[in-house]
Every structure is written in C-alpha cells, then in structure tokens.
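>>> here's a sequence, model it:
(2 chains)
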Amino acid sequence: GQQVMQIPQYQHVQEGEDFTTYCNSSTTLSNIQWYKQRPGGHPVFLIQLVKSGEVKKQKRLTFQFGEAKKNSSLHITATQTTDVGTYFCAGAPRTYKYIFGTGTRLKVLA
Amino acid sequence: DVKVTQSSRYLVKRTGEKVFLECVQDMDHENMFWYRQDPGLGLRLIYFSYDVKMKEKGDIPEGYSVSREKKERFSLILESASTNQTSMYLCASSSPRWGGLAGNRTDTQYFGPGTRLTVL
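As a prediction, this is how the structure comes out:
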C-alpha cells in the first residue's frame, strides 16, 4: 500500500543547533502538509506545499517539496526549547485522503 | 476560533463492549476524519467523511464503523472492543480554502484533543 516514511524517528539537539526531518512517499503526491504536535497535545497545522520544487519559509522553519513530488523536508535553524515536539508530514496521493508519516520527535537540550 | 471537541479525554472499556467516540466541530466543515495514533506508527486513518451520510474507509477500518448523521458530528464505533484497539484516537475536520495569487487550495486539518482509550 501507499506509505510515507519519515526519518529520523528521534533527534536530540543542543539549543541553537539546526534540525532537519525528511519525508519520503512511495507514490507521487498532489500536496504535502506538515504538522507539529507538542507533548500531550494534538497535531497543529504548519504549512501545505503544492508545487514541485516549492520552498516556503516561516521564520526559522524552511519547508521543501521535492521535484518529483515524492519527498519533502523541514529544516529548523537555530533550534529553541519551544521547538520541542513531534513533527509529522502528511502526504495526499489524492484529495482529502492524507497519509501521515511516522513522525520525528525533537528534543532540544538547553 | 476553530474548535473540534471529543466526548472524552480518557476512556476505559472491557473486551467485547461496544464503544462510541464522538467528535463535534463548530466550523461547518465538510470533511471529518478519525485517526488512531500509536507510538512509532504515527497517525493512521480509520475512516473519513466528506459529507453528511457519506463515508469512506481509510487505511485501517477493520473493527470500526462510523456514523455521520449531522454535518457537525462524526462518531466512531467499536462494535466489539478488543485489546489491540487500545490507542489514542484523534478526530479532525477540514474544509478546502483557496488563496494566494495562484488560487491554491489548502486542506488544513483541525484536530480535537484526542481520546485515550484503554481496552482491558
């Protein structure tokens, strides 16, 4: 079946270091979304990427969608303790139906 | 402000019981979803609904059914709960929005707080 793999599963970084999580789909996606889930909370939408090769920025967060629309990445520059949580990608092979990645849990050490 | 509520934060049931999980959204969204979240497996789609009385199976529908009689409410039913259905259940809703110069469509999913179900 269709799968969305996400790596790494866990990442511990020192505050101020950069962080990247990668998402790979077994099939071409119409779009990809990214969500953040704080410990004990629920997923919260961050961004949606639609176009091949698209790059979007939100302050210290940079999101990329691959040329083949099968992979994506989230990069955080100079992590802060407020970045702690699990980051999920969600790929849409077709409208409405999103397949979530397994998530990357980020811990930031002060 | 967007709001998705779920009937319980924590629920404990016994094997074989019939379990109802309720989800209500106040945003007039067309689409509603039920996911389960398990460590190391991420969120897996159980069922979704794109309109009242319409439903479609997700990736793991076995052992579950759903009901959507009103637009704002989407119920997940475990006909006969089993221990392997112990999990965190998340409801979400969405509605397409168009914006930007290119008129791109965005399907933001808004999640409820989740119900942690334990089946003994």
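
>>> near chain A, which residues of chain B?
Residues of chain B lying close to chain A by CB under 8 Å from any CB of the partner chain are B:31, B:35, B:40-45, B:48, B:50, B:56, B:58-59, B:90, B:92, B:94, B:104-114. In this view, the C-beta of every residue, glycine as well, is placed from N, C-alpha and C.

>>> same thing but 6 Å
Chain B has residues B:Asn31, B:Gly42, B:Leu43, B:Tyr50, B:Asn104, B:Thr106, B:Thr108, B:Phe111, B:Pro113, B:Gly114 near chain A, with proximity defined as CB under 6 Å from any CB of the partner chain.

>>> beyond the lengthiest strand in chain B, next helix or strand please.
The residue-count maximum for a strand in chain B (DSSP state E) belongs to strand B:42-51. Using DSSP states H and E, the helix or strand that directly follows strand B:42-51 along the chain is strand B:54-57.

>>> what pairs with that next one, parallel or antiparallel?
Next to strand B:54-57 in the sheet, as set by DSSP bridges, lie strand B:42-51 (antiparallel).

>>> worst-scoring helix or strand of chain A, pLDDT-wise?
Sorting the helices and strands of chain A by mean pLDDT, DSSP states H and E puts strand A:97-100 at the bottom, at a mean of 88.

>>> any idea how far whatever helix or strand comes next after it is from the chain center?
The helix or strand immediately downstream of strand A:97-100 is strand A:104-109, counting by DSSP H and E. Taking CA atoms, centre = their mean, to the nearest Å, the mean C-alpha location of strand A:104-109 is offset from the chain mean by 13 Å.

>>> what does stretch B:36-49 give?
Its chain's C-alpha centre and that of stretch B:36-49 lie 9 Å apart, by CA atoms, centre = their mean.

>>> contacts made by it with the rest, please.
Applying CB atoms under 6 Å, 6 or more residues apart in numbering or on different chains, the contact partners of stretch B:36-49 are A:100-103, B:32-35, B:55-56, B:58-61, B:64, B:66, B:68, B:74, B:87-90.

>>> still on that earlier bit, distance between the least confident helix or strand of chain A and the chain's centre?
On the basis of CA atoms, centre = their mean, strand A:97-100 sits 13 Å off its chain's mean C-alpha point.

>>> does chain B sit close to it?
Yes - under the criterion of CB under 6 Å from any CB, chain B is reached by strand A:97-100 at A:Phe100.

>>> any idea how far B:Leu76 lies from B:Tyr64?
Look at B:Leu76 and B:Tyr64: by CB to CB, to the nearest Å, they are 6 Å apart.

>>> show me which of the two is the more surrounded one.
Set B:Leu76 next to B:Tyr64 and count neighbours by other CB atoms under 10 Å in any protein chain shown: B:Leu76 wins out with 23 against 20.

>>> wait, that one sits on B:Phe33?
No - taking contacts as CB atoms under 6 Å, B:Leu76 lies outside contact range of B:Phe33: 10.1 Å.
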